[in-house]
Each structure stands twice: as C-alpha cells, then as structure tokens.
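J.: sequence-free structure coming up:
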C-alpha cells in the first residue's frame, strides 16, 4: 500500500488524532485527505439538516447482476473490467438501476449504504429541481429578472439576468482572481470555500453568500456565453428564499426529499448567516441520489405522485444552447452537449443527461436505456474539466448501450 493510501486510511483516527493525520483548511483537498473530507464535511463546517419527513422509505427493488468483469472503456479507451475502471476513477460508491431495479451496487474505501457523501455541483441540479417545482406552482417566473425578487441585486452583475439565464449558466459574469490559493484549487468555486471556512478567509473575499452574489464582477451581456459559476445558483437561491419566505432546507424537505421517500436526512453546508451553499453543499447517501435519478427517468413522477412538473423535466433533458456550450471548455468532454437547468445533456443515441459535480459526483439518466447511474468519487486534482470527466462520460454511455442492447 502506498503512503497516500495508508495516510488516507488513518485520517482523523485516534483520540485525539495525530497531528499528521488531522484535517485542516490547508490540506482537506489533498489526495490523502479529500475522501475523508467528502464523507465528513459536517465535522469541518456548519451545516443544516434536511429532514426526510416521517413517511415510509420508497422501495428500491434489487435484481443483482454479475457486472464486476463487464468490459467497459478505461481511461485510454481500452476495454477493462468495470471494477478496475471504477478503481482507476477513484470511485467511492457506484450504483446502477435498470428498469427500476438495482442491478449493481458497490461501496469502497469505507463507504456504506448509509454513509453521507458530498455531492459537490450535483447540488445545483437539486436547486434547479426545486425551482422547477416552484415555477409549476406559480411562485417563480423564470422570465423575471433576479432583481424582481431581490431588489438589493439591482445594479449588480446578475441583477438583470433572468432566472432562466441563471439556471443555464448564461449570465454575463466572471470570477474574481483569488490570490494565494493552491494551484490545484484554482478559481473554479469563486470564493465559496473561503466563505464556508474550508479555506482561510482572505482580505477582500466575500464573507457570506449574499455578498458573494452582490460582488460578482460583470463581463459582457447575459445570454451570450456559457460560463459555469457558483454565483448564478446562489442568486437563484436568494430569489427562492425571498419569493417563499422560507429556507432552502425547509423547501427541500417538504417539496423534494419527503415526497421522494429518501432513507436518510441529508444536510447542506451554510455560511455565517445560515444561508445554504446551494451550488455545492448538499450531502446525502448514494441510494437517495439514485431515487432522484429514478424520479427524473419517470419525468418527475415517483412514489405515487408527480413531484417535479413533467414539462420542466422534459425541457431540462431536451434543451440547452448547444452553440454556446460548444464555445466553452466543457465542450471537450461532451462534444454534442448542452446545459439546461443545471443538467448536462449529451444529445446522443441514449438520450443521456447528467447532474455532475467536482471530484466525480454524478447522477446519470438514460431514458432510452431505462438506466440510472449514481456515483460518488474522490478524484482530486485540477478544477473541471478534470482528466476523469471525459472517461466518465464514455463509461456512462457504454453502460447505457449495454443495457439498451
């Protein structure tokens, strides 16, 4: 066992943990510590619980298949056993559902079915689903500008962007330069790690998500670029709080998690004012992610009710500006892709669409193959697009092709 793997196995072990194995704001993103951090984020920063409700857990039937040795494309495209490819991609847990049944489920590196794991930017897709529900209820109008709901945003970079433009990452904004960061972190999150306390708060960095939204720099016009950024979703979350007078955690519980029949309470990381990090702070179990994938595969209908409006799900999985996407760095990972309502659409023969998060978090849905894949990973390294992103897309398509055959 190499030194990194050995250290990862011993992270935060002992009473008290030894100095060299303790998680700190300086090391949590390093390979030896990242996996523990993603499984134990509530021990690092403040969080708020998302109550699962008091109803029954929705059933996930099982029909296991022997898929460990199924040949699938590896990093270089060469066929390799599925279990080997998952190890190469630093996968922590992996679940495949076909026609509503769990056919494959694996937990690695200390993960268990009940383990809560960070979803990173898969969180954005949950925020979009909540917004879609509120749109269906007439609470939100996606053609309204954000400043209509939040007057404080008037005159700021995102204030005159519509909610639809924000959900599609088409705001005319840019990220501020953050000096003194490790190269591996980059500018991708735009400062949210500092807000949460995962990185030291630097002078001039926003102290909470409201400041984060208000201080986002403008760059060009809205609707003219696909620019992936956490700020757009935090702006939508602010509008939702104002339109409803409620917290995101409360709305998630009532409108999403309880109706879906999840097994465990989830949680969201929060800033100093209690505002949830909706762009990347959701933590939950793998099976509960799969339940949401199944709901989407059924057009928003699950557990005996229409949870997310069918029209919203159809719009999400079929639309998105492919020309704007083609001009972005993400195009190299998904050459035929687009982005709509915080989901990536493949526009391929499997009708695949996916919720995607940093470090390898995924919910992949293929209506054509009647397939859902849920994945947790701890693939550290460069900000997106990550070297594993392309191979993961290829793996998803290969699994869909297998089950559609």
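T.: Happy to help now that I have it. This one's a predicted model, so the numbers in the text were calculated from it and none came from an experiment.

J.: Tell me how many other residues crowd residue 116.
T.: 22 (other C-beta atoms under 10 Å). Using the backbone N, CA and C atoms, a C-beta is placed for each residue, glycine as well.

J.: what sits against it?
T.: 39, 42, 264, 266-267, 283-285 (C-beta atoms under 8 Å, 6 or more residues apart in numbering).

J.: Recalculate using a threshold of 6 Å.
T.: residue 283 (C-beta atoms under 6 Å, 6 or more residues apart in numbering).

J.: is it true that residue 233 lies in a helix?
T.: Yes. Under DSSP: H, G, I helix; E, B strand; the rest coil, residue 233 falls within a helix.

J.: got the contact list for it?
T.: Residues near residue 233 by C-beta under 6 Å, 6+ apart: 124, 127, 278-279.

J.: for the residues you listed, which one is nearest residue 87?
T.: Checking the contacts of residue 233 against residue 87 by C-beta to C-beta gives residue 124 as the nearest, at 27.6 Å.

J.: And that closest one, how far from residue 218?
T.: 21 Å (C-beta to C-beta, to the nearest Å).

J.: Of these two, which one has the most company?
T.: More neighbours surround residue 124 than the other of residue 124 and residue 218, with 29 against 15 (other C-beta under 10 Å).

J.: quick revisit: turn the contacts of residue 233 into JSON lines, columns for secondary structure and pLDDT.
T.: Shown next, in JSON lines, are these (DSSP: H, G, I helix; E, B strand; the rest coil; pLDDT from 0 to 100):
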{"residue": "124", "secondary structure": "helix", "pLDDT": "98"}
{"residue": "127", "secondary structure": "helix", "pLDDT": "98"}
{"residue": "278", "secondary structure": "coil", "pLDDT": "98"}
{"residue": "279", "secondary structure": "coil", "pLDDT": "98"}
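
J.: which among these gets closest to residue 260?
T.: residue 127 (15.2 Å).

J.: Run through the helices of the stretch 51-200 of the chain in chain order.
T.: Assigned by DSSP state H, counting those that start in this stretch, the stretch 51-200 of the chain shows helices spanning 82-88, 122-136, 146-149, 163-167, 192-196.

J.: Minimum distance to residue 252: which of these has it?
T.: Of the helices of the stretch 51-200 of the chain, nearest to residue 252 by C-beta to C-beta is helix 122-136, at 6.4 Å.

J.: if we can go back for a sec, could you tell me the least trusted of the helices of the stretch 51-200 of the chain?
T.: Least confidently modelled of the helices of the stretch 51-200 of the chain is helix 192-196, at a mean of 94 by mean pLDDT.

J.: picking up where we left off before, list just the one of the helices of the stretch 51-200 of the chain that sits closest to residue 344.
T.: helix 122-136 (9.3 Å).

J.: what packs against that closest one?
T.: For helix 122-136, the packing partners by 3 or more C-beta pairs under 6 Å, 6 or more residues apart in numbering; DSSP states H and E come out as helix 230-244, strand 353-357.

J.: Please state the offset of it from the chain centre?
T.: Centroid separation for helix 122-136 versus its chain: 12 Å, with C-alpha atoms, centre = their mean, to the nearest Å.

J.: One more: stretch 18-26?
T.: In terms of C-alpha atoms, centre = their mean, the centre of stretch 18-26 is set 26 Å apart from its chain centre.

J.: now do the same end-to-end measure for it.
T.: End-to-end distance of stretch 18-26 (C-alpha to C-alpha, to the nearest Å): 16 Å.

J.: the bottom helix or strand of this structure by mean pLDDT?
T.: helix 3-9 (a mean of 49; mean pLDDT, DSSP states H and E).

J.: Show me the shaky parts of the stretch 201-350 of the chain.
T.: For the stretch 201-350 of the chain, not a single residue meets the criterion pLDDT under 70.

J.: Please apply the same query to the stretch 51-200 of the chain.
T.: 183-184.

J.: quick revisit: please identify which of the helices and strands packed on helix 122-136 is closest to residue 144.
T.: Judging those by C-beta to C-beta, what sits closest to residue 144 is helix 230-244, at 8.5 Å.

J.: what comes up buried for the closest one?
T.: By 16 or more other C-beta atoms under 10 Å, the buried positions in helix 230-244 come out as 230-244.

J.: how far is it from where the chain is centred?
T.: 16 Å.

J.: which is the next helix or strand following that helix?
T.: helix 248-252 (DSSP states H and E).

J.: who does that following helix touch, helix- and strand-wise?
T.: On a contact count with 3+ C-beta pairs under 6 Å, 6+ apart, helix 248-252 meets strand 47-50.

J.: Direction included, what does the strand it packs on pair up with?
T.: Strand pairing for strand 47-50, using DSSP bridges, gives strand 266-269 (antiparallel).

J.: distance between the partner strand and the chain's centre?
T.: Per C-alpha atoms, centre = their mean, the centroid offset for strand 266-269 relative to its chain is 13 Å.

J.: Equivalent analysis for stretch 308-326, please.
T.: 17 Å.

J.: Could you do stretch 123-139 as well?
T.: Centre-to-centre, stretch 123-139 and its host chain are 15 Å apart (C-alpha atoms, centre = their mean).

J.: before we move on, what about stretch 91-100?
T.: 16 Å.

J.: quick one: buried residues of it?
T.: 91-98.

J.: And stretch 22-33, how far out from the chain middle?
T.: Relative to its parent chain, stretch 22-33 has a centroid offset of 21 Å by C-alpha atoms, centre = their mean.

J.: circling back: any idea which helix or strand comes after the least confident helix or strand of the chain?
T.: Helix 3-9 is succeeded, C-terminally, by helix 31-39 (DSSP H and E).

J.: Let me see the mean pLDDT of that following helix.
T.: 94.

J.: helices or strands up against it?
T.: helix 3-9, strand 117-118.
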